[in-house]
Structures are given as structure tokens and as C-alpha cells.
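Asker: Sequence plus the predicted model coming up.
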Amino acid sequence: MSYTTIISPAELIPHLNDPQWVIVDCRFALGDPDRGRKAYEEAHIPGAVHAHLNDDLSGPIQIGVTGRHPLPTPESAAATFGRLGIGDALQVVVYDDAGGALPAARLWWMLHWLGHPAAAVLDGGWQRWQSSWQSGGQKEGWPTASGVENRAAQVFTPRPRAEWVVSVEETARLSQGQGGLLWDARAADRFRGENETIHPVAGHIPGARSVPYAENLTAEGVFKPAEELRARYRTLLGSADASQITMYCGSGVTATHNLLAMQVAGLGAARLYPGSWSEWITDPRRPTAKG
């Protein structure tokens, strides 16, 4: 059996010493890029390696051209995955401390994008694993390790799904109502152009709809039941299906949380505009909207 969307700690625990399983700690903080790596060294799930959003899961930034976290090329991503010990036949489990949104879902999506479906996000993440998560009056707590761990390098063969990735040019057409629907995964206030603390321009791409990723989670930080997610997204989709949706966010990271939620809901794969808002606003000729 392979896990392709989410996995619970109880399902992961029997595989901590399984050589056919790879665990990747993705903790990262936008305001302190070194914090996630330091937190990993202090304590992590035994056997886990660490992947850094800026260094491992993003391509080179071109000032005035790309967004903050450009998608790496398939070849570059495959080399990174191989270095992390991810081989073609292995089960991968990824986690962070932000409900999967920063940036575990990004790594999950990248693996699926490159043809590796045996990849899942740890539901509830680090908080649930280290016993600060509580369900039914009972705390869950599992073993941890410290220091830096490494795995033997593997061969990862990329099989990219090119149709999953949307360019800025196609996004411009979507913003004009041509070819599909555009959804923005950021918080609703940022979509409206309020409380923007990350980007120099506030607002959203014209024609987009606000679909905040945080609404995929319960108050405890785990994914809502599949039937609840299905009801949410079916209402949003109307007569459309997942393949007609293009998701974006600030820099192509939290948008993948919505893509994961739609897969948990059994609705299929939507598309990603990886450049997202941070790329869109590099060209002042591109229109923006507020409200």
C-alpha cells in the first residue's frame, strides 16, 4: 500500500526504520530562513532528512522576472531528490509545522508533478508528532531525534506532468476569463489588498477568486474530513472540474495546500501557477485588483 495524499502519525510509526520509506522535514519560516533547519537539528522525526524551501525546493531567483520561490527545473529537482535519498520506488512522507502549508505541500506537489505519486503529507505535522496536538482528551506523542541525518543517494527519474504548470502568459489569459478559473489561496485579507506585509504591491490578479488554504484545516491543524473538503470545493467548482482550476498564492507554495486538499477530497488534480503573485507584480504593465 502506498500513501498519496495524507498520512497520520499512527500510520507512519511502524515505518520509521523501513528502508523503503523516506521522511523529509520541511520546516521553514519566511521571516527567518534558518529557523526551520535549526529546529530540525534540535529535534525531528527519527530518520528524517531536511529540505530547505529556498535552497532545495526553489530555483534561482531572477530579479524583476521570477517570483520569490521559482519552480526548479525537473532535472534540478530530480538531483535534489536523489541527494535526499528519494528513489523511484520509495514511499515519501513530508511534514512541516504549518499544517502542511509551508512548505510540505510544496514538496508533496513537486514529487507528484515529477511522476512520484507515493508521497504524502503528515497530517497535523510536527505539532501533532511531538504531542502538543490533542484529540479526544488524549495527547499523541512519538519519538524524536536530534542532529543531522543523511540517507544514501538514490536515482530519481523525473517524469514531469507539464500540463500541471501554468505560465504567466496563460495566467494573463485566465485573468481575462479565457480558458479556465483562477483561484488565490492566500488569506482573504491579503487577497483584498489589506495587511500585505510581504510584497511591495497589494491585491490580487484580476478575475481571481479567493479560496484561502487555511479553510482546509480544523482548529487543531489537521485536514478536515474528506467529505467536508469535497463539499467545500464542489460548491466552489460549480459545474467546473479540477482540471479547469489554476491555483496561485504569494510565491507558489501555499497554493499547493489547496491542490492537496482537492486530492484528499477525491476531486482530482488542479493546476499551479508557480510564479504566483510575486512574479505577477514584477511587470508593472500587468493589472492588479483590490477588494
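Answerer: Great, that's in hand.
Asker: Counting neighbours, what do you get for R232?
Answerer: 17 (other Cβ atoms under 10 Å). No exception for glycine: its C-beta is placed from N, CA and C like everyone else's.
Asker: tell me the contacts of it?
Answerer: 215-216, 224, 265 (Cβ atoms under 8 Å, 6 or more residues apart in numbering).
Asker: Skipping its backbone neighbours, what lies nearest T73 in space?
Answerer: Excluding the flanking residues, the one nearest T73 by Cβ to Cβ, 6 or more residues apart in numbering is G59, at 6.5 Å.
Asker: Report the separation between the one you found and L71.
Answerer: 6 Å (Cβ to Cβ, to the nearest Å).
Asker: Could you check which of those two is surrounded by more residues?
Answerer: L71 (21 against 14).
Asker: The nearest residue to the more buried one once chain neighbours are set aside: what's it in contact with?
Answerer: Distances taken as Cβ to Cβ, 6+ apart put P274 closest to L71, at 4.0 Å, once the chain neighbours are dropped. Counting by Cβ under 8 Å, 6+ apart, P274 makes contact with 67, 69-71, 165-166, 252.
Asker: Low-confidence regions, the protein specifically.
Answerer: 131-141 (pLDDT under 70).
Asker: now do 50
Answerer: Within the chain, the segments meeting pLDDT under 50 span 132-133, 137.
Asker: all strands of it, in order?
Answerer: 6-7, 21-25, 49-50, 91-95, 119-122, 134-135, 138-139, 181-184, 209-210, 245-248, 271-272 (DSSP state E).
Asker: What is the first one packed up against?
Answerer: Which is strand 6-7. strand 119-122 (3 or more Cβ pairs under 8 Å, 6 or more residues apart in numbering; DSSP states H and E).
Asker: Paired strands for the strand it packs on, with orientation please.
Answerer: strand 6-7 (parallel), strand 91-95 (parallel) (DSSP bridges).
Asker: would a markdown table of the strands of the chain with mean neighbour count be doable?
Answerer: Formatted as a markdown table, these follow (neighbours: other Cβ atoms under 10 Å):
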| stretch | mean neighbour count |
| --- | --- |
| strand 6-7 | 20 |
| strand 21-25 | 24 |
| strand 49-50 | 20 |
| strand 91-95 | 25 |
| strand 119-122 | 26 |
| strand 134-135 | 12 |
| strand 138-139 | 10 |
| strand 181-184 | 24 |
| strand 209-210 | 14 |
| strand 245-248 | 28 |
| strand 271-272 | 24 |
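Asker: got those strands as TSV, with distance to H15 columns?
Answerer: Putting these into TSV (distance: least, Cβ to Cβ, whole Å) gives the following:
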stretch	distance to H15
strand 6-7	9
strand 21-25	4
strand 49-50	15
strand 91-95	7
strand 119-122	11
strand 134-135	21
strand 138-139	22
strand 181-184	34
strand 209-210	38
strand 245-248	30
strand 271-272	29
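Asker: Give me the buried positions along stretch 56-63.
Answerer: Across stretch 56-63, burial judged by 16 or more other Cβ atoms under 10 Å covers 56-58.
Asker: Inside helices: which ones of those residues?
Answerer: D56 (DSSP state H).
Asker: Which of the strands of the chain sits closest to P160?
Answerer: Smallest distance to P160 across the strands of the chain (Cβ to Cβ): 12.4 Å, for strand 271-272.
Asker: related to what we said a few turns ago, next, give phi and psi for the residue nearest to T73.
Answerer: In terms of degrees, to the nearest 10, the main-chain angles of G59 are phi -90, psi -180.
Asker: got it, and G99?
Answerer: Torsion angles, degrees, to the nearest 10, at G99: phi 70, psi 20.
Asker: Report the contact partners of D241.
Answerer: 267-268.
Asker: Need the residues that contact stretch 178-198.
Answerer: Contacts for stretch 178-198 (Cβ under 8 Å, 6+ apart): 30, 170-171, 173-175, 202-205, 207-214, 236, 240, 244-250, 254-255, 257-258, 270-271, 273, 277-278, 289-291.
Asker: Just the buried residues of that stretch, please?
Answerer: Those would be 180-187, 190-192, 196, for stretch 178-198 by 16+ other Cβ under 10 Å.
Asker: next one: stretch 195-208
Answerer: Of the residues in stretch 195-208, those buried (16+ other Cβ under 10 Å) are 196, 199, 202-205, 207-208.
Asker: what about that stretch, start to end distance?
Answerer: 18 Å (Cα to Cα, to the nearest Å).
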